[in-house]
Structure formats: C-alpha cells, structure tokens
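Visitor: 3D, please:
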Amino acid sequence: MDQRSNFARKPQNKPVLISAKDGLLLKEIEFEKFSLSADQIMLVSGGRFYAVANDGAKIYAVCAEI
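Guide: Sure, this is the predicted structure:
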C-alpha cells in the first residue's frame, strides 16, 4: 500500500507536511494535548511550524521544530 493511502487514515487535527513534488507525507507534527483545525492560522518559517491551537478550553500560540 502506498503512503498516499495511509495519509487518509491519519488521526484528525494533527498537522502534516506533504511534499509538493510527489504528494507523499514528509512529517507529522505533534503538539501533545493541543489540537488544530484546518481553518486555524499556521505558518512555517526558519525550520519551525507555528500555529494557533486549542486544548478544548483555551487558545494558544504553539511552535514545533520541523
């Protein structure tokens, strides 16, 4: 089974980076207790992924190295 098929079954609300060249999954980004939705603000800059996330009660600015 190819990686594109596996992508459809990944857990929801976890950002992933996908190759623009071939559409394959490059990296999953984990924020532990936080979740993100597709309509929240996200930015990649200088090897870091920044996003607005929530834990169900509050909103946070989060960052992860990529």
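
Visitor: where does residue 22 land on pLDDT?
Guide: Listed pLDDT for residue 22 reads 94.

Visitor: residues near it, how many?
Guide: 9 (other CB atoms under 10 Å). C-beta coordinates here come from the backbone N, C-alpha and C atoms, glycine included.

Visitor: what does it show for phi and psi?
Guide: Dihedral angles of residue 22 (phi, psi; degrees, to the nearest 10) stand at phi -130, psi 0.

Visitor: the protein: strands as residue ranges?
Guide: 16-18, 25-28, 42-45, 48-54, 59-65 (DSSP state E).

Visitor: mind giving me the packing neighbours of the last one?
Guide: Packed against strand 59-65, as judged by 3 or more CB pairs under 8 Å, 6 or more residues apart in numbering; DSSP states H and E, are the following elements: strand 48-54.

Visitor: cool, the shortest one as well?
Guide: The criterion is 3+ CB pairs under 8 Å, 6+ apart, and the helices and strands that strand 16-18 contacts are strand 25-28.
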